[in-house]
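Student: Below are the sequence and a predicted model; questions follow.
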Amino acid sequence: MEPDRRAQPAFLEASGVTMRFGDHVAVRDVTLGLARGEVVSIIGPSGAGKSTFLRCVNLLEIPTQGTLRVGETSLSVGSGVKPKERDIQALRRQLGMVFQNFNLFPHLTVLRNVSLAQERVLGRSPAEAEARSMALLERVGLADKAGAYPGRCSGGQQQRVAIARALALDPAVMLFDEPTSALDPEVGAEVLAVMKELAAEGMTMIVVTHEMAFARDVSDRIVVMVDGAVVEAGEPHQVMSNPSHPRTRTFLSAVLDR
């Protein structure tokens, strides 16, 4: 029997994360911890603050208040405390992120898109970076596209390149922000298959998703956000089949009955 990952100490921890834009509170006092190897899916209606929370975890948005920790690296903000750039980079270095839009460099080949950050961030030689890139492109089924430009690849292929690029920096945790929302269902299935493989291999993952089957079948836990706050969290079967919060029931009724 596999060990219960939730019983293990948190490897990634977000505590009391709040994000305000003027008078609007986009993320409201969210606390979430993940053990190593755990997969957590965040679901909820549009405008619930899911993507903003993920951007706060990766410090693409500096939270108004809260504490973030990955492994032994932690950072707190609020009460006039402004994080130092070196502290931001130390935490972000352990996180890989895949966005809704692929954000590939159109003027670079697929291979260079995956290799460039390795050379700039990790200091790998071009030969080392290329070898690592080819191994990852093989892993996501795109070794034959190494010399192609993103514009010659389908949306699903571009998103798989984006996953390979994020993995190339050897992150401890992968963050996925609606990675299939811009894709047709058939194409999105290619991306979900790669994500399922990563989960099976023990990658720690937070996935903001509208893919209810993925959330149910792959996640260790599901977190439901509404109006910037977590209203419910639990095992996938419990949340999907017997939700306790009325807003969860309303949301699931809307998405599952379509």
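Tutor: Ah, there it is.
Student: Where does the prediction get shaky in this protein?
Tutor: For the chain, residues meeting the criterion pLDDT under 70 lie at 1-7, 257-258.
Student: Helices along that one, start to end?
Tutor: Assigned by DSSP state H, the chain shows helices spanning 50-57, 85-92, 110-117, 126-139, 155-167, 185-200, 212-218, 236-241, 246-256.
Student: Report the angle between the longest one and helix 126-139.
Tutor: Yep, that's helix 185-200 we're talking about. Inter-element angle recorded for helix 185-200 and helix 126-139: 110 degrees (by axes from the mean of the first three to the mean of the last three Cα atoms, to 10 degrees).
Student: Show me what helix 185-200 packs onto, helices and strands only.
Tutor: helix 155-167, strand 204-208, helix 212-218 (3 or more Cβ pairs under 8 Å, 6 or more residues apart in numbering; DSSP states H and E). Using the backbone N, CA and C atoms, a C-beta is placed for each residue, glycine as well.
Student: So for Pro243, which of those sits nearest?
Tutor: helix 212-218 (12.3 Å; Cβ to Cβ).
Student: what residues does the closest one touch?
Tutor: Outside helix 212-218, the residues that touch it by Cβ atoms under 8 Å, 6 or more residues apart in numbering are 39, 41, 43, 192, 195-196, 199, 207, 209, 222, 236-237, 240, 252, 255-256.
Student: Those residues, buried ones only, as a PyMOL selection?
Tutor: Here is the PyMOL command that selects only those of the contacts of helix 212-218 that count as buried (16 or more other Cβ atoms under 10 Å):
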select buried, resi 39+41+43+192+195+199+207+209+222+236+240+252
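Student: rewinding a little: now render the helices and strands packed on helix 185-200 as CSV, adding distance to Ala146.
Tutor: Compiled in CSV, the helices and strands packed on helix 185-200 are given as follows (distance: least, Cβ to Cβ, whole Å):
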stretch, distance to Ala146
helix 155-167, 10
strand 204-208, 26
helix 212-218, 28
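Student: start to end distance for stretch 40-51?
Tutor: 14 Å (Cα to Cα, to the nearest Å).
Student: from the contacts of helix 212-218, which is closest to Arg120?
Tutor: Met195 (25.9 Å).
Student: partners of the residue lying closest to that closest one once chain neighbours are set aside in the sheet?
Tutor: Distance criterion Cβ to Cβ, 6 or more residues apart in numbering; nearest residue to Met195, sequence neighbours excluded, is Phe176 at 6.7 Å. Bridge pairing for Phe176 (DSSP bridges) gives the partners Val98, Val207.
Student: wait, what's in contact with Phe176?
Tutor: Contacts of Phe176 (Cβ under 8 Å, 6+ apart): Met97, Val98, Met195, Met205, Ile206, Val207, Val208, Thr209.
Student: Output those residues in TSV, with distance to Glu138 appended to each entry.
Tutor: Formatted as TSV, those follow (distance: Cβ to Cβ, whole Å):
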residue	distance to Glu138
Met97	22
Val98	18
Met195	17
Met205	21
Ile206	26
Val207	23
Val208	28
Thr209	26
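Student: With respect to Asp23, which of these is nearest?
Tutor: Of the contacts of Phe176, the one sitting nearest to Asp23 (Cβ to Cβ) turns out to be Val208, at 24.4 Å.
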